[in-house]
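**Student:** Using only what follows, build the 3D model:
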Amino acid sequence: MLWSKTELSVGPTNGEHTMIKQILATNVPLSQRPIDRTNPRFVFDKNFTTYVPDRDDWMYNAVILNDDGVCFTDGSRIERTGLAGAGVYVQTDGEELVLPLGSHTSVFQAEVYALLTCSKLDSFFTQEQLFHCNLL
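**Tutor:** Numbers count the residues shown, from 1 in each chain. Next up is the predicted model:
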């Protein structure tokens with residue numbers, strides 16, 4: 001929404017910039033949220049390979065999954081409180097991690113943080129292993 005100069009100059013002349021912020025806060029509440037600023041970094045190295053089995057492989061049990069380790073992850077945010085968090089459960093050894101992430105984290109960020117935490121567990125992964133991941 002755009003405002004004309006006459007609408008912005010209503011009130012004391014020394015507080016026009018404050019009025020802009022108030023008008024913006026009233027009409028676009030999302031504009032008052034904190035902003036994460038990250039410098040873009042491009043990484044073009046491909047240090048992995050991807051193999052996607054076809055339908056026949058799955059139907060005839062020709063896919064061998066390395067399921068020595070099973071890790072469940074979840075990320076969430078409670079709108080009422082604005083707090084977010086992530087959880088990791090390693091089924092193979094019963095390890096549970098609860099990760100509070102504060103009020104500036106989106107659900108997507110919480111989900112990704114849980115996956116990253118699981119992938120960095122020393123007891124769970126080796127550097128050469130690639131695990132199948134299902135997002136439900």
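
**Student:** From now on I want contacts and neighbour counts done on CA atoms only, so please keep to that.
**Tutor:** OK.

**Student:** Ile78 pairs with what?
**Tutor:** In this entry, Ile78 is beta-bridged to Leu83, by DSSP bridges.

**Student:** and the residue nearest to the spatial centre of the chain, what element?
**Tutor:** The centre of the chain sits closest to Gln109, judged by C-alpha atoms, centre = their mean, with a distance of 1.3 Å. Taking DSSP states H and E as the criterion, Gln109 maps to helix 107-119.

**Student:** quick revisit: so the residue nearest to the residue nearest to the centre of the chain when sequence neighbours are not counted, which of the three states?
**Tutor:** In this structure, Gln109 finds its nearest non-sequential neighbour in Gly75, 7.8 Å apart by C-alpha to C-alpha, 6 or more residues apart in numbering. What DSSP: H, G, I helix; E, B strand; the rest coil gives for Gly75 is strand.

**Student:** what's the answer for Leu99, then?
**Tutor:** What three-state DSSP gives for Leu99 is strand.

**Student:** Next, work out how far apart it and Gly75 are.
**Tutor:** Distance from Leu99 to Gly75, counting by C-alpha to C-alpha, to the nearest Å: 9 Å.

**Student:** quick one, which of those two is more surrounded?
**Tutor:** Neighbour count, other C-alpha atoms under 10 Å: between Leu99 and Gly75, Gly75 has more, with 22 against 16.

**Student:** That one touches Glu111, doesn't it?
**Tutor:** Yes: Gly75 lies in contact with Glu111 (C-alpha atoms under 8 Å); the separation is 4.1 Å.

**Student:** Now for those two: what residues contact both?
**Tutor:** Common contacts of Gly75 and Glu111 (C-alpha atoms under 8 Å, 6 or more residues apart in numbering): Ala86.

**Student:** re earlier: quick check: the gap between the residue nearest to the centre of the chain and Ala62.
**Tutor:** Note on Gln109: its distance to Ala62, by C-alpha to C-alpha, is 35 Å.

**Student:** Check Gln91 too.
**Tutor:** Per C-alpha to C-alpha, Gln91 is found 25 Å from Ala62.

**Student:** Ok, Gly82 next?
**Tutor:** Here the distance between Gly82 and Ala62 works out to 46 Å (C-alpha to C-alpha).
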